[in-house]
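Trainee: Predicted model follows, preceded by the sequence.
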Protein chains: 2
Amino acid sequence: MRDVAIVGVGMTRFGKFLDRSMKDLAREAVDAALDSAGIEKRAIEAAVVGNAVAGLITGQECIRGQVVLREMGIGGIPIINTENACASSSTALHLAWLYVASGMYDVALAVGMEKLYHEDKKRSFQAIGAAVDIEAMRQIMDLMAASAPKREGSGGGEGAGEKRSMFMDLYAMAARGHMARYGTTKEQFARVAVKNHYHGSLNPHAQYRERYTLEEILASPLVAEPLTRLMCSPIGDGAAAAIIVPADKARQYTSKPVFIRASVVGSGQDHVPGEPGITERVSHRAYEMAGVTPRDLNVVELHDASAPAELVLYEELGLCAPGEGGKLIDTGFTELTGPTPVNTSGGLISKGHPIGATGVGQVCEVFWQLRGECGDRQVPGAKLGLCENGGGMLRGEAAALAVHILST
Amino acid sequence: MRDVAIVGVGMTRFGKFLDRSMKDLAREAVDAALDSAGIEKRAIEAAVVGNAVAGLITGQECIRGQVVLREMGIGGIPIINTENACASSSTALHLAWLYVASGMYDVALAVGMEKLYHEDKKRSFQAIGAAVDIEAMRQIMDLMAASAPKREGSGGGEGAGEKRSMFMDLYAMAARGHMARYGTTKEQFARVAVKNHYHGSLNPHAQYRERYTLEEILASPLVAEPLTRLMCSPIGDGAAAAIIVPADKARQYTSKPVFIRASVVGSGQDHVPGEPGITERVSHRAYEMAGVTPRDLNVVELHDASAPAELVLYEELGLCAPGEGGKLIDTGFTELTGPTPVNTSGGLISKGHPIGATGVGQVCEVFWQLRGECGDRQVPGAKLGLCENGGGMLRGEAAALAVHILST
């Protein structure tokens, strides 16, 4: 397989855009990626489009990618529509990478896009609920109801007060398990949120740009013990895009290509206690493919759908030993000034989480970091970055998970 | 890129299975494909799953493939969910092919699956309607209403009497255009239906197995002039699966591998009159990739969503010159006993059209034909076959289209 590079990326700000269509959001992201790469639309030979829930939000199923790309004059080429819940667009990037790495096409476009906000917010939360086995969902909810101390009517992010994603219940349960097993504290989870909100305050693409103290994070409304609202990713709208070419042609387009050193997608399996979970398995393969170790990483974007998830992912990605995520956040290791800054974009918590756009959105951030284009949130001299994007939930593991490793 | 072979396929009968879940249908198809290949589940290294409308029919969006495959013990591996309207599973096959052709994986599973029947049939037809730009749909329907002589309440296939797919209006309009331009007759369209219903009568996997005379086809209820009900594909449920490996490893699994000589996906573009349309463009590339011409084909499965569509596709695939589709059907060229039998399975009209399953279902038929396993409908000595699978509609062209060329 050929070496592959990203030569341009673009994204909208993530946010609540009730007055903007998905076509409009996707156009902004794709145009920005094309500008970034200095490539004309007609040079694109294949496109892969990730979206998770347009079918449930707007009724637009089946040909989501064609509908948005044709609107901006991109057609004729293969357009592949893919979904993998919250990992939809990292899956799209993986397939676009595969098109180029295989030698089949020389210029591929990966797009992630989502319109999650709907005037009826209940519909937004119902749509997110499709990222599980819906037949089994009722049973899971019953289990949650039996095991979790929680408040009625609280929500994740801005969804508070109406409905919330059942995923926050799952994250809260996992967080309580981590606390019981390793002595992790609610303050340590809150520290993740302080960090990511601070990073997001430096990112013009972030949905929320406020900074918060530890006390403010802890004092925000409870979603499900120990999660407070400011520890949870909000729902959001947005789009992100990347242009992928063979490594040996990358310098035709840019003097600063970013190379895809690894692209791996995995799915969950029935988990054997003590055996590696999905994140360990997928990231292990990605590290092997790239020939690097977690210690080599200068910057990481990971799937902090909630603050505890980030802390657990430190361990699963090998940034620290199992059970030591709490200690890691306490040392400042993953802060902007630390050895391996994590979620410099603000992460899902602050940058936002328009689910089908999140994966390519992460790649935008690492692309910019590796090119030294991140302004106030720049990690000096970043040369190697990792993006981890999980999606859905099935029998206690993420249903899908993608890891990309990028380098200068 | 490596040469690639199919070493096993399996499918359910297509039909109306209100009492069977998509999990159940997919399990039957995948188990049959595994049996056919003599491969254990745990040997599968990657899976790509095509489905078009489960999000709209059942609410199961996001992780459709994981939900059905995990249920049968397939997990851990990459599971890619893809949709491209009626071409969803040929797109899945294309991606599974790409995984193997690229060298990334050695054993890939492609699955197509659909549960289109719903107790509320209106929901089934609304779901099919998502295969267009839904924002633009109302305008298209207004155009149709202004231009077409049609009867209220008639339907496509078994949907008659309640609702129908708007696609039949589009097919009817195209058929009237062909009649006006080339003198094609309604009888010629009916002859396609006679042929495909006859072929379907020989196929145990077909949804409908009745034979009809030309007079019976013409006398069946009018859907939209010139289409009668028996010229239209029905809605249906079903699943189909194929196992793909590198060509040089194929004989580890079977003494009769079927090789994928070309796998091409395309999308529509704003059509310039006189320029090749999507089918010409995609099939031209596939013929080039395979190094064959239409005259070399021994068997063809094509997307006869309606009888006129088959006749037009003869021309677009190069089986005859433009405008001569009517003459071709009159000569018997595409009958089971003709030089290039088309839709020996019964095609979408008789075998059925569970949209996300149709593409891999076509591949099952050609696989069996090339292995000499088609019993009463066997094309003697078939060595080269083509599958053409279209999906969705956007600005007057199919939104997606896939062509696969297979050989012994």
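Mentor: Structure's in. What do you need? Numbers count the residues shown, from 1 in each chain, chains lettered A, B, ... in the order given.

Trainee: Dihedrals phi and psi, the closest residue to A:E365 other than its chain neighbours?
Mentor: Residue nearest to A:E365 in three dimensions, not counting chain neighbours: A:S345, with 4.0 Å by CB to CB, 6 or more residues apart in numbering or on different chains. Placement of C-beta: from N, CA and C, glycine included. Dihedral angles phi and psi of A:S345 (degrees, to the nearest 10) take the values phi -70, psi -20.

Trainee: Might one say that A:S345 is in contact with A:Q362?
Mentor: Yes - the pair A:S345 and A:Q362 qualifies as a contact (CB atoms under 8 Å) at a distance of 7.3 Å.

Trainee: Need the residues touching each of these two.
Mentor: A:E301 (CB atoms under 8 Å, 6 or more residues apart in numbering or on different chains).

Trainee: Those two: which is more packed in?
Mentor: Counted by other CB atoms under 10 Å in any protein chain shown, A:S345 and A:Q362 do not tie: A:Q362 has more neighbours, with 31 against 28.

Trainee: helix or strand for that one, which one?
Mentor: Under the assignment given by DSSP states H and E, the secondary-structure element containing A:Q362 is helix A:355-370.

Trainee: now that helix: how far from the chain's centre is it?
Mentor: From the chain centre to the centre of helix A:355-370 is a distance of 7 Å (CA atoms, centre = their mean, to the nearest Å).

Trainee: Next, the angle from the next helix or strand after it to helix A:355-370.
Mentor: Once helix A:355-370 ends, the next helix or strand along the chain (criterion: DSSP H and E) is strand A:384-394. Between the direction of strand A:384-394 and that of helix A:355-370, the angle (axes from the mean of the first three to the mean of the last three CA atoms, to 10 degrees) works out to 170 degrees.

Trainee: Now strand A:384-394 - C-alpha only, PDB.
Mentor: Listed in PDB are the C-alpha atoms of strand A:384-394, where the atom choice follows Å, rounded to 0.1, in the frame of the first residue of the first chain:
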ATOM      1  CA  LEU A 384       3.400  13.300  15.700                       C
ATOM      2  CA  GLY A 385      -0.300  13.200  16.600                       C
ATOM      3  CA  LEU A 386      -3.000  10.700  17.200                       C
ATOM      4  CA  CYS A 387      -6.800  10.900  16.800                       C
ATOM      5  CA  GLU A 388      -9.100   8.500  18.500                       C
ATOM      6  CA  ASN A 389     -12.800   8.500  17.700                       C
ATOM      7  CA  GLY A 390     -15.300   6.000  19.200                       C
ATOM      8  CA  GLY A 391     -18.900   5.400  18.100                       C
ATOM      9  CA  GLY A 392     -22.000   3.700  19.400                       C
ATOM     10  CA  MET A 393     -22.300   1.100  22.100                       C
ATOM     11  CA  LEU A 394     -23.000  -2.600  21.900                       C
END
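
Trainee: any idea of the pLDDT on the residue of the stretch 151-300 of chain A at minimum distance from chain B?
Mentor: Going by CB to the nearest CB, chain B is nearest to A:Q269 of the stretch 151-300 of chain A, at 3.5 Å. A:Q269 is assigned a predicted lDDT (pLDDT) of 91.

Trainee: just A:G338 next, same as before
Mentor: Per-residue confidence for A:G338 comes out at a pLDDT of 98.
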